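Asks: coordinates only, no sequence provided:
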């Protein structure tokens, strides 16, 4: 599993939710707010997952790379659960991305949110897990220079197929 984060951690460090929500940032626009409101409204009562206060991790390195290349100053950590890590939910982030294209269709938004909470998947899912904490197993991308090079390579050559990205292939061999 992989965590994309702006914070700095050492190997062995425990990553907790930041205490502030990405949803409270100034850059969190109306569209994203609406999606999160729908997801919160449709969330089944038996789901403990709270998208506003918990930690998100990706199951796949390719998904972490895509996300890190969209987030400035990000780092990628390979993470593992600790004894009392709770996985509250695993959902396909592509469903939430689809929601952003259907903001004027309340019925579709509710249906997509229900699919997200049911664990349904798209053709090529981007699995995000909502957890309470994880431990850093290794640092995949730790410096601004590494992140900038990765982002440059991603945007210039690998957008259509991240699996062809040299960085991705090299890191698959290491993990």
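Replies: Right, received. Where do you want to start? What you see is a predicted model; the values in this text were computed from it and never measured. Residues are numbered from 1 along each chain as shown.
Asks: I'd say residue 91 and residue 130 touch.
Replies: Yes - here residue 91 reaches residue 130: they are 7.5 Å apart, a contact under C-beta atoms under 8 Å. In this view, the C-beta of every residue, glycine as well, is placed from N, C-alpha and C.
Asks: of these two, which one has the most company?
Replies: Remark: of residue 91 and residue 130, residue 91 carries more neighbours, 25 against 21, as counted by other C-beta atoms under 10 Å.
Asks: need the next SSE after the lengthiest strand in the chain, C-terminal direction.
Replies: Ranked by residue count under DSSP state E, the longest strand found in the chain is strand 134-141. Scanning forward in sequence from strand 134-141, with DSSP states H and E defining helices and strands, the next element found is helix 144-153.
Asks: what's that next one packed up against?
Replies: Applying 3 or more C-beta pairs under 8 Å, 6 or more residues apart in numbering; DSSP states H and E, one finds that helix 144-153 contacts helix 61-68, helix 166-174.
Asks: and the following helix or strand past the first one with strand 134-141, angle?
Replies: So that's helix 61-68. Per DSSP H and E, the first helix or strand lying C-terminal to helix 61-68 is strand 75-80. Here strand 75-80 points in a direction 140 degrees away from that of strand 134-141 (axes from the mean of the first three to the mean of the last three C-alpha atoms, to 10 degrees).
Asks: tell me the buried residues in strand 75-80?
Replies: Neighbour-count burial for strand 75-80 flags 75-79 (criterion: 16 or more other C-beta atoms under 10 Å).
Asks: what do you get for stretch 133-145?
Replies: Going by neighbour count (16+ other C-beta under 10 Å), the buried part of stretch 133-145 is 133-136, 139-142.
Asks: and the two most separated of the residues you listed?
Replies: Between any two of these, the greatest separation by C-beta to C-beta is 20.6 Å, found for 133 and 141.
Asks: so where's this protein uncertain?
Replies: Applying pLDDT under 70 to the predicted model, the residue ranges of the chain that meet it are 19-28, 158-160, 164, 172-175.
Asks: next one: residue 58 from residue 38, what distance?
Replies: Distance, residue 58 to residue 38, by C-beta to C-beta, to the nearest Å: 22 Å.
Asks: which one of these two is surrounded by more residues?
Replies: Neighbours around residue 58 and residue 38, counted as other C-beta under 10 Å, are more numerous at residue 58. The numbers are 23 against 20.
Asks: contact partners for that one?
Replies: Listed by C-beta atoms under 8 Å, 6 or more residues apart in numbering, the contact set of residue 58 reads 1-4, 64, 67, 126-129.
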